[in-house]
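Asker: how would this look folded up:
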Amino acid sequence: MRARPFPKEWLALIQRHVVFSRSLSATDRAELLGHIQVFLAEKRFEGCGGFAITDEVRVTIAAQACLLLLHRSTDYFPRLLTILVYPLTYMAEEKRQVGEHLWEEGTVSRLGETGRRMGSLVLSWGAVKHGAAAPADGKNVVLHEFAHQLDFENDAADGVPGLATREQQLAWAEVMRSEFASLRAADESGIPTLLDTYGATDPAEFFAVSVEAFFERPRALRASHPKLYAELQKYFQQDPVEFSAEVVPL
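Answerer: Okay, here's the model as predicted:
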């Protein structure tokens with residue numbers, strides 16, 4: 001798959017729409033393009049709500065998702081078969097706990113979701129485009145949802161991706177437990193945080209918002225959460241500071 005020349009039309013779409021790709025080294029860009037070819041050959045895309053899937057949609061999603069694969073010997077999100085794309089925000093049924101033994105059901109608007117047993121991942125094209133065009137605002141729905149897919153690789157949605165050794169697992173658990181507790185405490189007391197407080201929901205969401213911050217706000221994350229940054233850097237084998245568009249105030 002990678003042996004084929006990368007389609008010029010796809011390359012033009014990436015250069016036009018996926019801002020972070022312009023700052024990658026030549027080596028990383030070549031690796032990313034190879035991953036995109038495999039990803040697009042393996043995954044099926046479906047439009048929802050009357051939305052038409054085009055090469056721009058497929059390539060813009062794939063480029064952002066494949067950033068998570070650079071420098072690592074890894075499969076291509078093996079649990080994921082289908083990517084469903086809505087034009088904008090979509091509505092979903094949700095069951096929410098409002099008391100110890102009390103739940104309520106309702107409809108909520110969403111930009112993306114995935115699940116360990118779904119085999120699919122849902123995205124809002126509006127949110128995907130924004131994430132590709134604004135690579136340093138701390139928000140990226142593609143990185144967030146595909147981080148969940150990495151989380152599922154150890155057969156659980158627990159905020160722990162597939163780690164090779166017991167030593168790595170212990171180091172990861174120690175840092176993540178501490179950082180998750182800090183975010184929950186900050187959320188409960190209303191203290192402003194770099195990490196999205198949605199990450200205080202549970203360890204799985206904490207991992208996903210940490211991945212967003214790692215790639216979108218790497219300098220700020222490294223400065224304010226050095227241990228968290230170091231764990232993510234070891235796992236991803238990347239230092240996003242090298243290609244980040246983040247502007248840090250003097």
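Asker: and the residue at minimal distance from the centre of the chain, what helix or strand is that in?
Answerer: Nearest to the geometric centre of the chain sits residue 143, at 1.7 Å (C-alpha atoms, centre = their mean). Using DSSP states H and E, residue 143 falls within helix 141-151.
Asker: so what's residue 87 closest to, chain neighbours aside?
Answerer: Spatial nearest neighbour of residue 87, chain neighbours left out: residue 51 (4.5 Å); criterion: C-beta to C-beta, 6 or more residues apart in numbering. Every C-beta, even on glycine, is put in place using the N, C-alpha and C of the backbone.
Asker: who touches the one you found in this structure?
Answerer: 85-87, 125 (C-beta atoms under 8 Å, 6 or more residues apart in numbering).
Asker: can you show me the helices along the protein?
Answerer: For the chain, the helices defined by DSSP state H cover 8-17, 26-42, 55-66, 125-133, 141-151, 166-189, 203-216, 218-224, 226-236.
Asker: mind listing what's buried in the shortest one?
Answerer: When neighbours are counted by 16 or more other C-beta atoms under 10 Å, the buried residues of helix 218-224 are found to be 218, 220-222.
Asker: what subset of the contacts of residue 51 is buried?
Answerer: Counted by 16+ other C-beta under 10 Å, the contacts of residue 51 give 85-86, 125 as buried.
Asker: between those, which sits nearest residue 42?
Answerer: Closest approach to residue 42 among the buried ones among the contacts of residue 51 (C-beta to C-beta): residue 85, at 16.6 Å.
Asker: in the sheet, who's paired with that closest one?
Answerer: residue 47, residue 123 (DSSP bridges).
Asker: isn't it right next to residue 61, touching?
Answerer: Yes - with contact defined as C-beta atoms under 8 Å, residue 85 reaches residue 61; the gap is 7.5 Å.
Asker: what touches both of the two?
Answerer: 45, 123, 128.
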